[in-house]
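Asks: fold the following for me, if possible:
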Amino acid sequence: MYATKEGHTAKIAARLSLTLRSVGLDVDAVDASALPDGYTLDSFDAALLCAPIHQEEYPPRMIGFARTHAVWLTSHPSAFVSVSLSAAEPDDEEREGLLHCVSEFAIATGWQPARVEHVAGALVFSQYPFFVRQVMKLIARQHHLPTSGDHDYTDYARLEAFAREFGAEVLAGQA
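Replies: Below you'll find the model as predicted:
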């Protein structure tokens, strides 16, 4: 299950899906904004939720999904992938901010993920509307990052290692 704004989190979810399939799991990557009425997790053994942080909040559709399915998520193998440029920062203050966002997510949803992986996102200036692009340029300047073009900061090797570990845990629980 993923939520995306400019499409980068969908790319991350696709990469997670490929890796989980490579370890032997049957995977459905589902966009939280395209859920059919009455969608449940009852036919699944595990769940991996993936969502970006924008303005210190996760998308409302992911919050709603996690809130609706909090009991199921708590009683099954589950993990949360939090996507933010702050994950690329070595700064302790940035890390504190990420932990705060996950804590607020847990309070809002009633689900405390047992595993959380913080993944750096991307600057996709080509996808931003004019006003958002100007704000993102300001933020990029403050962090000494490029202010034009598209830049992917995701560490895919680390992402795949996380997915393999999670997949192994799910498979071990099925044995």
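
Asks: quick one: pLDDT of the spatially most central residue of the chain?
Replies: Among the residues of the chain, residue 50 comes closest to the average C-alpha position under C-alpha atoms, centre = their mean, at 2.7 Å. Residue 50 is assigned a predicted lDDT (pLDDT) of 97.

Asks: state whether it is indeed within a strand.
Replies: Yes - when the secondary structure is assigned by DSSP: H, G, I helix; E, B strand; the rest coil, residue 50 falls within a strand.

Asks: check contacts around the closest residue to residue 31 other than its chain neighbours.
Replies: By the measure of C-beta to C-beta, 6 or more residues apart in numbering, the closest residue to residue 31 outside its immediate chain neighbours is residue 2, 6.3 Å from it. C-betas here are computed from N, CA, C, even on glycine. By C-beta atoms under 8 Å, 6 or more residues apart in numbering, the contact list for residue 2 reads 9, 10, 12, 13, 29, 30, 31, 32, 49, 50, 51, 62.

Asks: residues touching the first one, list them.
Replies: Going back to what we said before, that points to residue 9. With contacts defined as C-beta under 8 Å, 6+ apart, the neighbours of residue 9 are 2, 3, 50, 51, 52, 83, 121.

Asks: now the helix or strand that it is a member of: buried residues?
Replies: Of the helices and strands defined by DSSP states H and E, residue 9 is found in helix 8-22. Residues 8, 9, 10, 11, 12, 13, 15, 16, 17, 19, 20 are the ones in helix 8-22 that count as buried (16 or more other C-beta atoms under 10 Å).

Asks: ok, now stretch 118-130?
Replies: For stretch 118-130, the neighbour count (16+ other C-beta under 10 Å) marks 118, 119, 120, 121, 122, 123, 124, 125, 128 as buried.

Asks: ok, stretch 34-44 next?
Replies: Going by neighbour count (16+ other C-beta under 10 Å), the buried part of stretch 34-44 is 41, 44.

Asks: now do the end-to-end distance for it.
Replies: Across stretch 34-44, the terminal residues are separated by 18 Å (C-alpha to C-alpha, to the nearest Å).

Asks: circling back: which one of the contacts of residue 2 is nearest to residue 99?
Replies: Residue 99 lies nearest to residue 51 out of the contacts of residue 2, by C-beta to C-beta, at 15.4 Å.

Asks: quick check, the closest one in contact with residue 83.
Replies: Yes - counting by C-beta atoms under 8 Å, residue 51 touches residue 83, with 6.7 Å between them.

Asks: how about the helices in this structure?
Replies: 8-22, 60-68, 70-75, 92-109, 130-142, 156-174 (DSSP state H).

Asks: for the record, mean pLDDT for the second one?
Replies: Read it as helix 60-68. Confidence over helix 60-68 (mean pLDDT, whole number) is 95.
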